[in-house]
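In: pasting the structure only:
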């Protein structure tokens, strides 16, 4: 397990973009935040995650992985965004980019096969499996 910290200044949107890029590339285990009061308040965010972070924590965008350009990957991202809006959560809670790439690589045909993908698990497979497999069958 690894850990990364982020400082989100209230008037700097780029800080949040940097955090979201990072979260989309790793498999978060736990994300904790705390408002740090002071002359210039900011959010301190602590992310515990598995694996290696493939993104820089700088404000520059990283190069996408090869599968991130595919039609299937874009369909999964669109589904994930819609589902996140419905549930009122950030997209990485539904599935990270790394999880979406793993789904494409393993090409699951059943919710049980989907649950074997690292980071996805039985709960997510039960909750999103049918919809996700339907999206995959349409591309």
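Out: Received the coordinates, thanks. The structure displayed is predicted, hence computed values, not measured ones.
In: switch to C-alpha atoms for all contacts and neighbour counts from now on
Out: Will do.
In: Do a quick rundown of the helices in the chain.
Out: 13-25, 71-87, 91-94, 97-106, 111-115, 121-137 (DSSP state H).
In: mind putting those in TSV, mean pLDDT included?
Out: Below are those laid out as TSV (pLDDT from 0 to 100):
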stretch	mean pLDDT
helix 13-25	85
helix 71-87	91
helix 91-94	86
helix 97-106	87
helix 111-115	89
helix 121-137	90
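In: Would you reformat those as a markdown table and include distance to residue 2?
Out: Formatted as a markdown table, the helices of the chain follow (distance: least, CA to CA, whole Å):
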| stretch | distance to residue 2 |
| --- | --- |
| helix 13-25 | 13 |
| helix 71-87 | 25 |
| helix 91-94 | 17 |
| helix 97-106 | 16 |
| helix 111-115 | 23 |
| helix 121-137 | 20 |
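In: would you turn those into JSON lines with distance to residue 47 and mean neighbour count?
Out: JSON lines is the format used below for the helices of the chain (distance: least, CA to CA, whole Å; neighbours: other CA atoms under 10 Å):
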{"stretch": "helix 13-25", "distance to residue 47": "8", "mean neighbour count": "18"}
{"stretch": "helix 71-87", "distance to residue 47": "19", "mean neighbour count": "16"}
{"stretch": "helix 91-94", "distance to residue 47": "12", "mean neighbour count": "20"}
{"stretch": "helix 97-106", "distance to residue 47": "16", "mean neighbour count": "19"}
{"stretch": "helix 111-115", "distance to residue 47": "23", "mean neighbour count": "19"}
{"stretch": "helix 121-137", "distance to residue 47": "20", "mean neighbour count": "16"}
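In: for those, which one sits closest to residue 45?
Out: Residue 45 sits nearest to helix 13-25 of all the helices of the chain, at 8.7 Å, using CA to CA.
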